[in-house]
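A.B. asks: Okay, predicted coordinates and the sequence, questions at the end:
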Amino acid sequence: QVQLVESGGGLVQAGESLRLSCATSGRTFSRYTMGWFRQAPGKEREFVVGISWFDGRTYSADSVKGRFTVSRDNAKNTLYLQMNSLKPEDTAVYYCAASGVIRTANPTDFGSWGQGTQVTVSS
């Protein structure tokens with residue numbers, strides 16, 4: 001497993017941007033498919049975006065398409081989530097996670113999780 005630590009959360013106004021980071025330990029970061037998930041109060045954890053270890057291709061939930069971008073720096077063992085045009089409904093705790101599957105949005109395929117970082121978007 002890999003250790004994951006998220007950072008970059010905070011309070012922003014609707015329409016603003018925020019960039020989350022996920023620092024990882026270990027020397028095998030490049031061999032993990034990485035994902036961002038979020039969980040709002042009273043709701044289930046949901047997939048946001050992912051990036052495959054195999055070909056670097058990204059995939060995202062419809063609710064964030066065109067607004068959120070995931071990227072990774074394998075040299076720095078770090079995953080990023082650039083969030084633009086934020087909306088109040090994006091308010092949630094955001095988690096990064098690692099999976100050995102080539103491409104998946106299923107949280108049960110992710111064996112390592114960070115502790116989460118709070119993102120709050122005010123209207």
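C.D. replies: The structure has been received and is ready for your questions. Numbers count the residues shown, from 1 in each chain.

A.B. asks: Can you name the residues that contact Leu11?
C.D. replies: Thr120, Val121, Ser122 (Cβ atoms under 8 Å, 6 or more residues apart in numbering). C-beta: built from backbone N, CA, C; applies to glycine.

A.B. asks: Which of the helices or strands spans it?
C.D. replies: Using DSSP states H and E, Leu11 maps to strand 10-13.

A.B. asks: Determine how far that strand lies from the middle of the whole chain.
C.D. replies: 17 Å (Cα atoms, centre = their mean, to the nearest Å).

A.B. asks: How about stretch 77-85?
C.D. replies: On Cα atoms, centre = their mean, the centre of stretch 77-85 falls 7 Å from that of its chain.

A.B. asks: thinking again about what came up before, now the contacts of Leu11 as a markdown table including neighbour count?
C.D. replies: Below are the contacts of Leu11 laid out as a markdown table (neighbours: other Cβ atoms under 10 Å):
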| residue | neighbour count |
| --- | --- |
| Thr120 | 15 |
| Val121 | 20 |
| Ser122 | 11 |
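
A.B. asks: Please name the residues that touch the residue nearest the centre of the chain.
C.D. replies: Taking Cα atoms, centre = their mean, the centroid of the chain lies closest to Trp36, which sits 2.2 Å from it. Contact analysis of Trp36 by Cβ under 8 Å, 6+ apart lists 20, 22, 48-50, 68, 70, 79, 81, 94-97.

A.B. asks: how close does Ala61 get to Asp90?
C.D. replies: Look at Ala61 and Asp90: by Cβ to Cβ, to the nearest Å, they are 11 Å apart.

A.B. asks: higher neighbour count, the two?
C.D. replies: For Ala61 versus Asp90, the count of surrounding residues by other Cβ atoms under 10 Å is larger for Asp90: 22 against 16.
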